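Enquirer: generate coordinates for the sequence data below:
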Amino acid sequence: MGPHPFRMIARRLTPHVRQRKNRRLATILLKPRARGLSAFAAAILTLFIPGANLLGADASPTDPGGTRFSPLDQINTGNVQNLGIAWIYRTGERSAGTPGAVGHNITAFESTPLIVGETLYLTTASSRVIALNAETGKELWQFDPQKGSTHRRSAANRGVAYWNGGSGGAPRIVYGTADGRLIELDAATGKPCADFGDNGVVNLRAGVADAWPNAPYYLSSPPAIYRNLVITGSSLQEDPSKGPGGVVRAFDVRTGKPVWTFHTVPQPGEFGHDTWKGDSWKDRSGANVWSLMSVDEKRGLVFLPLGSATYDFYGADRKGDNLFANSLVALDANTGRRVWHFQVIHHDIWDYDLPAQPVLATVLHNGREVPAVAQVTKSGYVFVFDRTTGRPLFPIEERKVPPSSVPGEQASPTQPFPLKPPPLALQQVTAKDLSDVAPASAQYCSALFHTLTGGSIFTPYGLTPTLVMPGTLGGGTWSGGSYDPKTHYLFVNENNVGAVGMMKKDDKAGPGSYHRWNEHGGAYARFWDEHGWPCQKPPWGTLSAVDLDRGEVAWTVPLGVVDELKGRPATGAPNLGGSIVTAGGIVFIGASTDQRFRAFSAKTGQVLWEARLEASAHATPATYLGQRSGRQFVVIAAGGGGFFQGPVSDTLVAFTLKDSAH
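Expert: Coordinates of the predicted model:
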């Protein structure tokens, strides 16, 4: 008999997945099919970054509500098959850390470009900002905050924000670095803005991480911009439990001076403080906004998707519901005052962060238009609220869930379950659900499954190997959703990947403490086989259209293929990276681990076009209209790496219609 299946799966699934070195990268292969030519769209420049969307030369390039919708329709369902490569830019940073490359041993290339006028801005994992000509891909300038450093830091960096300079001021690029700095650059030159903070830099660690100089504290997502405020969250440690807090702060965008602070772990006398028993609130890390915030500029609200409190899998030292961890919180953007909140997970012990930017949509509900906010979650649910009041638009039930068997742990007896929309991800696995895609995989997965207990969404990790579905990879992820204001469809990509783990006594973390382990010592094992194929029946990755008016799923299709399983129906594949939707009736998305970039019909979910990339595109694409050529471009970062095996690259690839189709 081969190695113990649990031991084998643990060996494969460490947080930093080993990469194949010295592998020759595949060239980009396109599969166009000739179709008719569409009418030319109006000359509107549109871009997509989480939090960015330019709707005209004089408009602010912001999509503060995270809809990721473009009114461009030059590329549409009738001609998308004729897309070809316009240009390729290489950052010089390989996801696996190619020896000699800038930023050795860096993480995945997850940046979504921001396009303003004729300039495209992107970030790299080593915190460089690069400006390109949006039509040609030619480099204009780059800023490297770690220039000259012999110990370069790297972390996920998903892009920049933009401030238009206000009345008579110069436009600025605003972003965060891997070492916890908030930096403003002149958008035209890339030089730091001397009047912001200390010569263009605000030290975000000051006042928050002073007592923990070696703890991580940085921005993995662009900050939010509201009027003359820049609003920041943070990426923090997941272990140990004590460390820098997840406060959300607003700074004056011109000077960098602090304006307000919101305590995500309420202090004595603040609302929610009583949800932390005893002094468990003190020095509590986590409960942070590591994803993107959304801003309702008309109503002056900022929406925070909050993550788990630390330690993610053990809460005996933080008894109670633990507000505002795992909550959607609406703040007054001017003052930081809480307006309303809803906690999606009580006392999280599964790492079920709110991973995605809240989507601000207008929906038809009970015969009237309602300003709504939709929140994608790791549990597979989409929660939909009236964004002004926090009232759920569809019923939510508190249901009993299993207790924990870990000594000292007090799991919440109930969790909230929305009745609509239905869950988009698999939430339970039984023996009849096990994969049979290949004989060896079926044998492996069956052996693994029968060593595990649990198998459902709110199964607490126990003292023996436990299966939780969906796992730490979701369900939904930071990929979030894109929203079509015409159809009121929300497009969401999800994973059907379970997590495997157990709780083991760890006195190093404190007397009687427990830590999540697997038999190889890692914490983030997945429920998949030796190939990385999930152990339950496909689909393993999906793309769904959710009708937000009715709370129903309009369609769901597999997202991705496994090339080794040719001859079988599409299985879908694990995925990270978001979608955009256009007035041309197209949903563009990479995300899946099969190195493809695809265009789906927004109406039916049919794949209309795909391109093979050098590496998988674990990022959100962007689309825009070239100001000189009048051509619509679609651009995506294809770096691979991160949590998945496979080829790695450093490419930003732009597509446009071939001349004969334009």
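
Enquirer: what about the strands in the stretch 101-250 of the chain?
Expert: Along the stretch 101-250 of the chain, counting by DSSP state E, counting those that start in this stretch, strands occupy 114-116, 119-123, 129-133, 139-143, 161-163, 172-176, 181-186, 201-203, 217-218, 224-226, 229-232, 235-236, 248-252.

Enquirer: among those strands, which is nearest D549?
Expert: Among these, strand 224-226 comes nearest to D549, with 27.2 Å by CB to CB. C-beta here means a position set from N, CA and C on the backbone, and glycine is covered the same way.

Enquirer: helices and strands around that closest one, which ones?
Expert: Strand 224-226 sits against strand 161-163, strand 229-232, strand 294-296, with contacts defined as 3 or more CB pairs under 8 Å, 6 or more residues apart in numbering; DSSP states H and E.

Enquirer: if we use 7 Å, what do you get?
Expert: Using 3 or more CB pairs under 7 Å, 6 or more residues apart in numbering; DSSP states H and E as the contact definition, strand 224-226 packs against no other helix or strand.

Enquirer: count of neighbours near E494?
Expert: 29 (other CB atoms under 10 Å).

Enquirer: start the count at 52 instead of 1 going forward.
Expert: With the count now opening at 52, the last piece we talked about shows up as E545.

Enquirer: which strand or helix spans S497?
Expert: helix 490-500 (DSSP states H and E).

Enquirer: what about dumping the CA coordinates of that helix to PDB?
Expert: Output in PDB follows, covering the C-alpha atoms of helix 490-500 (Å, rounded to 0.1, in the frame of the first residue of the first chain):
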ATOM      1  CA  PRO A 490      -9.500   5.000 -11.100                       C
ATOM      2  CA  ALA A 491      -6.400   6.000  -9.200                       C
ATOM      3  CA  SER A 492      -8.000   9.300  -8.000                       C
ATOM      4  CA  ALA A 493     -11.100   7.500  -6.900                       C
ATOM      5  CA  GLN A 494      -9.000   5.000  -4.900                       C
ATOM      6  CA  TYR A 495      -6.900   7.700  -3.300                       C
ATOM      7  CA  CYS A 496      -9.900   9.900  -2.400                       C
ATOM      8  CA  SER A 497     -11.900   7.100  -1.000                       C
ATOM      9  CA  ALA A 498      -9.000   6.100   1.300                       C
ATOM     10  CA  LEU A 499      -8.600   9.700   2.400                       C
ATOM     11  CA  PHE A 500     -12.300  10.300   3.000                       C
END
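
Enquirer: give me the contacts around the next helix or strand after that helix.
Expert: For helix 490-500, the succeeding helix or strand toward the C-terminus, using DSSP H and E, is strand 504-507. For strand 504-507, the surrounding residues in contact (CB atoms under 7 Å, 6 or more residues apart in numbering) are Q478, Q479, V480, T481, G513, T515, T517, L518, V519, M520.

Enquirer: show me the contact partners of stretch 172-181.
Expert: With CB under 7 Å, 6+ apart as the criterion, stretch 172-181 contacts 142, 144, 153-154, 157-158, 160, 162, 164-165, 182, 190, 193-197, 203, 205-208, 210-211, 224, 226, 228-229, 236, 241, 703.

Enquirer: do stretch 259-275 as well
Expert: Stretch 259-275 has contacts (CB under 7 Å, 6+ apart) with 100-102, 206-212, 225-231, 255-256, 281-283, 285-288, 294-296, 298, 341-344, 346, 353.
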